[in-house]
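Visitor: Provided below are the primary sequence and the corresponding predicted coordinates.
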Amino acid sequence: MKRSGKVRPRPASGRKSAARPAAKGKPSPPDSRPHILHLHSTFAAGGKELRSVRLINAWGPGVGHSIVSAVPDRMEATQLISRSIPVAYPQNFPSLIGRPTLGRLQKMARAMRGYDLVLTYNWGAIDAVMAHTLFGQAMDLPPLIHHEDGFNEDEFKRLKKRRNWYRRIALGRASGLVVPSEKLEEIALVQWAQPMGRVKHIGNGIPTSDFARKPRPDALRGVIKRKGEFWVGTMAGLRKIKNLPRLVRAFAVLPEEWHLVIVGEGPEEEAIRAEADRLDIGHRVHLPGFVPEPANYVGLFDIFALSSDSEQFPISVIEAMAAGVPVVAPAVGDIVQMVSDLNNPYITGAGDEASLSGSLSELASHERLRTEIGASNRAKARTDFDEKKMIEAYRRLYSSAMGRSTLG
């Protein structure tokens, strides 16, 4: 339901996050400034969170934001939001996790009042979508747009019927459902029975020109690329769905001069280190943690690799392509369609560890082939995945939902 464009009262912002304290003396924004509420399954620095940050920064200080995470202690992506942007982190917003009782859903609906737009992300925020559908009209809530970027380990093999039904009902009054991949678009239309007009397929994009410069050998915190070394690199949340011990095993056959660099944070760090130690390659496996600004270091990778059980349209693949790096990954989500034709033979069967290892070995032994594939990947990234197209698509969608001519 589109809004009339009338000015809504600005909601109470709540206490600022300690990660990004409010600038002292900053004047309050004018009443005409739209204010967007973001309800995230987590605000760790993963793909969907980094995309959200890019959009927030693109809108500039003319748009205010309030961000809530279903996992309150995972807010690393806040560090990347420009300090010129007015952002609040409400501490009293009802928990996004819990039994979907009418009382709890009603409290969530009340907390959405006063904003101009509500944006929800993934299954972890689906109760907020249900609350909006049940109470949105009675409470005159702002429009809501939901985003689905993929599934955790509990659904990557098979979607749960109860969740499918819940999504169907919850999304009944959403102004839009955004998906980044063809696979998710099909699921939304068929499994979740969403009308075509509600489902918006918007591919992920990045500032491809930022990845053209050559990184310094010490650009990656705590790990220096030394002369004669080669790197297989990846960027991922260290979660089970990413199956990074599989990547450690696939990498283990590479010669001693090759190192594996895994950039990211998460609960699987010890399992990854344990697998590297078991294979006696711990000295060649490096986990520097989360490092912002991947444009500063992705070009250090000689091969970019994924080993995930499930992906949809991973931004990290686009970033590697834009940096001119060949990609080895399983054929999950849209990865086959994302990479260049020259790179396509090195996208392996999902779960095929032997093929993953074989692709790494072949590319590791042919420098010229890596260079040729990297150049074709860079060209495709610039043509198909620059962020300008993505930003404009989201700008049109969000401003239309709010009844505005533009946003930011």
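Guide: Good, I have the coordinates.
Visitor: strands along the chain, start to end?
Guide: Listed in chain order, the strands found in the chain under DSSP state E are 35-40, 64-69, 87-88, 117-121, 144-147, 176-179, 199-201, 230-235, 258-263, 285-289, 303-305, 327-330, 347-348.
Visitor: sheet partners, orientation included, of the third one?
Guide: This points to strand 87-88. strand 64-69 (parallel) (DSSP bridges).
Visitor: export the partner strand to CSV, keeping only CA atoms.
Guide: Taking Å, rounded to 0.1, in the frame of the first residue of the first chain, the C-alpha atoms of strand 64-69 are listed here in CSV:
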residue,chain,number,x,y,z
GLY,A,64,17.5,9.1,8.6
HIS,A,65,17.7,5.5,9.7
SER,A,66,17.0,3.3,12.8
ILE,A,67,18.6,-0.1,12.8
VAL,A,68,17.5,-3.1,14.9
SER,A,69,19.2,-6.5,14.9
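Visitor: what's in contact with that strand?
Guide: Residues outside strand 64-69 that contact it (Cβ atoms under 8 Å, 6 or more residues apart in numbering) are 10-11, 13-14, 29, 33-43, 56, 75, 78, 85-90, 93, 96, 115. Every C-beta, even on glycine, is put in place using the N, C-alpha and C of the backbone.
Visitor: which PyMOL command selects the buried ones in the residues you listed?
Guide: In PyMOL, selecting the buried portion of these, with burial taken from 16 or more other Cβ atoms under 10 Å, looks like this:
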select buried, resi 10+11+13+34+35+36+37+38+39+40+41+42+43+56+75+78+85+86+87+88+89+90+93+96+115
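Visitor: now the strands of the chain in CSV, with distance to residue 318 and mean pLDDT?
Guide: Rendered in CSV, the data for those read as follows (distance: least, Cβ to Cβ, whole Å; pLDDT from 0 to 100):
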stretch, distance to residue 318, mean pLDDT
strand 35-40, 21, 97
strand 64-69, 24, 96
strand 87-88, 26, 96
strand 117-121, 19, 98
strand 144-147, 17, 98
strand 176-179, 16, 97
strand 199-201, 16, 96
strand 230-235, 11, 97
strand 258-263, 15, 97
strand 285-289, 21, 96
strand 303-305, 10, 98
strand 327-330, 10, 97
strand 347-348, 14, 96
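Visitor: from residue 224, how far off is the residue lying closest to residue 285 once chain neighbours are set aside?
Guide: Distances taken as Cβ to Cβ, 6 or more residues apart in numbering put residue 276 closest to residue 285, at 3.9 Å, once the chain neighbours are dropped. Taking Cβ to Cβ, to the nearest Å as the criterion, residue 276 is separated from residue 224 by 19 Å.
Visitor: and those two? Which one has more around it.
Guide: Set residue 276 next to residue 224 and count neighbours by other Cβ atoms under 10 Å: residue 276 wins out with 24 against 12.
Visitor: against residue 222, how distant is that one?
Guide: 16 Å.
Visitor: any idea how far the lengthiest helix in the chain is from the chain center?
Guide: When the chain is parsed with DSSP state H, its longest helix is helix 367-384. Average the C-alpha atoms of helix 367-384, do the same for its chain, and the two points are 23 Å apart (Cα atoms, centre = their mean, to the nearest Å).
Visitor: stretch 65-83 too?
Guide: The gap between the average C-alpha position of stretch 65-83 and the chain average comes to 13 Å, counting by Cα atoms, centre = their mean.
Visitor: now the longest helix of the chain: buried residues?
Guide: Buried residues in helix 367-384, counting neighbours by 16+ other Cβ under 10 Å, are found at 370, 373, 374, 376, 377, 378, 380, 381, 384.
Visitor: ok, and what's touching that helix?
Guide: Contacts with helix 367-384, where a contact means Cβ under 8 Å, 6+ apart, come from 203, 206, 208-209, 211-212, 302-303, 318, 320-327, 339-343, 346, 362-363.
Visitor: quick one, which of these are buried?
Guide: Applying a neighbour-count criterion of 16+ other Cβ under 10 Å, the buried members of the contacts of helix 367-384 are 203, 206, 208, 211, 302-303, 318, 320-327, 339-340, 342-343, 346, 363.
Visitor: in helices, which of those residues appear?
Guide: When helices are assigned by DSSP H, the members of these inside them are 318, 320, 321, 322, 363.
Visitor: got these as JSON lines, with distance to residue 355 and pLDDT columns?
Guide: Rendered in JSON lines, the data for those read as follows (distance: Cβ to Cβ, whole Å; pLDDT from 0 to 100):
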{"residue": "318", "distance to residue 355": "23", "pLDDT": "95"}
{"residue": "320", "distance to residue 355": "19", "pLDDT": "97"}
{"residue": "321", "distance to residue 355": "21", "pLDDT": "98"}
{"residue": "322", "distance to residue 355": "25", "pLDDT": "97"}
{"residue": "363", "distance to residue 355": "13", "pLDDT": "98"}
